[in-house]
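[1] just need the structure, nothing else, for what follows:
(chains A and B)
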Amino acid sequence: MHIDEERLQRLLDRELIAVEEMAARTHLKDCAPCRTELERLISEDERIASTLRHLDHPAAPVSLPAVVARAGRPGRRWPRWAAATILAVALAGGAYAVPGSPVRRWVDRVLIPAPSPAPIPRAQAQPATMGGIAVAPGARLEIVFVAPDSGSRVIVRLTTAGEAAVRGPNGGATYTADVGRVIVDARNGAADFDVDIPAAARWVKIRAGTRVILVKEGGQLRALEAGGGSLAGNGPFVLRLGGQ
Amino acid sequence: MDIAVERELTVVPFDEQFAAAFKALFPGIRRLLDRSSGDPQAADDLAQEAFIRLYRRGSLPDSPAAWLATVALNLFRNEYASRRRRLRLLTTAAGERAHSDPGASPAERAEAADLRDRVRVAMDQLSERDQGLLLLRAEGYTYRDMATALDLHEASIGTLLVRAKREFLRRYGEGTDAH
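    Below you'll find the predicted structure:
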């Protein structure tokens, strides 16, 4: 008895469980028609894959910080639960306003004996939106924090991404890029900045003003303390920029 | 100025998880949408929108690939499927101009456009389910993730995939024979 096409397809796609796969492979050793059928499926798959590639258009580059910035932009859609709550409150309010409505009696029964109104919960603060910049690290990249004694924190990580990125809260800084250099002007007060350094970057240095606070040497980060000490590793490191 | 250095917690923050997911999955999701829609600009927009929704979710699902494919295909279905044919007619010419290899000769560009049209015609004749199966499989999705993304039973994926392949090759063969 031969292996049916669906099972051969699952074998090709590595979707058979181990026992099934072993049985199928054992059968294939001794069954020329099934081997021929498997080869036909392989060739069919290759033909489909190459045919589908004709549909592809080159992709425009999209940077991660741009997507993150869009995700955090104000005016985003309300979560469903919030919309449902608002709708329910609006409907209840409408029902309360109708003369003779039983809702009015229910609400009054609950509210009138109360000695004081229930406290109104404070609205949750919206998370701060993020801004930032991403650049290809090139042969050398220097990231400079201007006005470094603002009490800000710089959290530095090695990443597998291809671009170096600096992110901070919107309005927390301005970012400019030059050849081999990113300048973060953080004079707007204390803020947390995330700095992602590609593990593949050849040479990266982070400065706070004129002082070097971190370098990437080979595959490692080395954070440099004010007292002359240093700490090496893959991070993440938190560099506190504060004090005089 | 005092610079204090300390170790951060070892828990991988969501931003980092998201960055890894973005790097690994964005090209495939964008390609899935490009192949589904035939409209590279729409593919760019919808792929970004899918990742924006993932970011706003605040945590990664069990299978980010399946989750993103589900969202991406729903976005495409809701916003573009009904207009797909019209969009294709409107955008193909501009898309070809924008994305053609500038070094290719006019004859080569015409041949590439002809091939693309023939594949597109064959794909458009398939059901949405069959298109999804072929495109997700081409991206290396497991049967489980394909079932999740297309709302199918995992056990039926093998059979449906065999039928989808057969149907696609038949349609594409008809188009090729006609030339």
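
[2] just say helix, strand or coil for residue A:51.
    Using DSSP: H, G, I helix; E, B strand; the rest coil, the structure places residue A:51 in helix.

[3] ok, it - contacts?
    Listed by C-beta atoms under 8 Å, 6 or more residues apart in numbering or on different chains, the contact partners of residue A:51 are B:119, B:172. No exception for glycine: its C-beta is placed from N, CA and C like everyone else's.

[4] swap in 6 Å and give it another go.
    residue B:119 (C-beta atoms under 6 Å, 6 or more residues apart in numbering or on different chains).

[5] could you measure from it over to residue B:125?
    Separation of residue A:51 from residue B:125 (C-beta to C-beta, to the nearest Å): 14 Å.

[6] which parts of chain A are helices?
    For chain A, the helices defined by DSSP state H cover A:5-12, A:18-30, A:32-52, A:64-71, A:80-97, A:102-111.

[7] mean pLDDT for the ones you listed: which is lowest?
    For the helices of chain A, mean pLDDT drops lowest on helix A:102-111, to a mean of 53.

[8] what residues does chain A put near chain B?
    When proximity is defined as C-beta under 6 Å from any C-beta of the partner chain, chain A approaches chain B at A:5-6, A:9-10, A:15, A:49, A:51-52, A:54-55, A:57-60, A:64, A:67, A:70-71, A:149, A:161, A:213, A:223, A:225-226, A:231, A:236-238, A:240, A:243.

[9] doesn't residue B:73 belong to a strand?
    No. Counting by three-state DSSP, residue B:73 falls outside a strand, being helix.

[10] how many neighbours does it have?
    25 (other C-beta atoms under 10 Å in any protein chain shown).

[11] try the one 3 residues further on
    A count of nearby residues for residue B:76, using other C-beta under 10 Å, gives 23.

[12] what's near enough to touch the most centrally placed residue in chain A?
    With distances taken as C-alpha atoms, centre = their mean, residue A:68 lies nearest the centre of chain A, 6.6 Å away. Applying C-beta under 6 Å, 6+ apart to residue A:68 gives the contacts residue A:130.

[13] now do the same contact list for residue A:192.
    Here residue A:192 is in contact with residue A:153 (criterion: C-beta under 6 Å, 6+ apart).

[14] how far away is it from residue A:201?
    22 Å.

[15] quick check: which ranges of chain B have low pLDDT?
    B:1-11, B:80-104, B:175-179 (pLDDT under 70).

[16] for the nearest residue to residue B:144 once chain neighbours are set aside, grab phi and psi.
    Distance criterion C-beta to C-beta, 6 or more residues apart in numbering or on different chains; nearest residue to residue B:144, sequence neighbours excluded, is residue B:154 at 5.2 Å. Here is the backbone geometry of residue B:154 (degrees, to the nearest 10): phi -60, psi -40.

[17] distance of residue B:154 from residue B:166?
    From residue B:154 to residue B:166 the distance is 20 Å (C-beta to C-beta).

[18] kindly report the same for residue A:132.
    49 Å.

[19] and if you look at residue B:143?
    As for residue B:143, its distance to residue B:166 is 18 Å (criterion: C-beta to C-beta).

[20] which one of the two has more residues nearby?
    Between residue B:143 and residue B:166, counting by other C-beta under 10 Å, residue B:143 is the more crowded of the two (23 against 13).

[21] how about the helices in chain B?
    Taking DSSP H as the criterion, chain B carries its helices at B:14-37, B:40-57, B:64-79, B:84-99, B:106-124, B:128-138, B:143-150, B:157-178.

[22] next, the angle helix B:143-150 makes with the first one.
    Orientation check (axes from the mean of the first three to the mean of the last three C-alpha atoms, to 10 degrees): helix B:14-37 against helix B:143-150 gives 70 degrees.

[23] which residues does helix B:14-37 contact?
    With contact meaning C-beta under 6 Å, 6+ apart, helix B:14-37 is reached by A:55, A:57, A:59, A:64, A:161, B:40, B:43, B:46-47, B:50-51, B:55, B:60, B:64-65, B:68, B:72, B:76, B:80, B:135, B:139.

[24] which ChimeraX command selects the buried ones in the residues you listed?
    In ChimeraX syntax, the buried subset of those is picked out as below (16 or more other C-beta atoms under 10 Å in any protein chain shown):
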select /A:55,57,59,64,161 /B:40,43,46,47,50,51,55,64,65,68,72,76,80,135,139
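
[25] now for residue A:207: which residues touch it?
    residue A:144.

[26] tell me what it is bridged to.
    Beta-bridge partners recorded for residue A:207 (DSSP bridges): residue A:144, residue A:212.

[27] list the beta-bridge partners for residue A:197.
    residue A:158.

[28] that one: neighbour count?
    24.

[29] now do the domain split for chain A, please.
    Domain segmentation of chain A under automatic domain parsing yields A:5-52, A:130-241.
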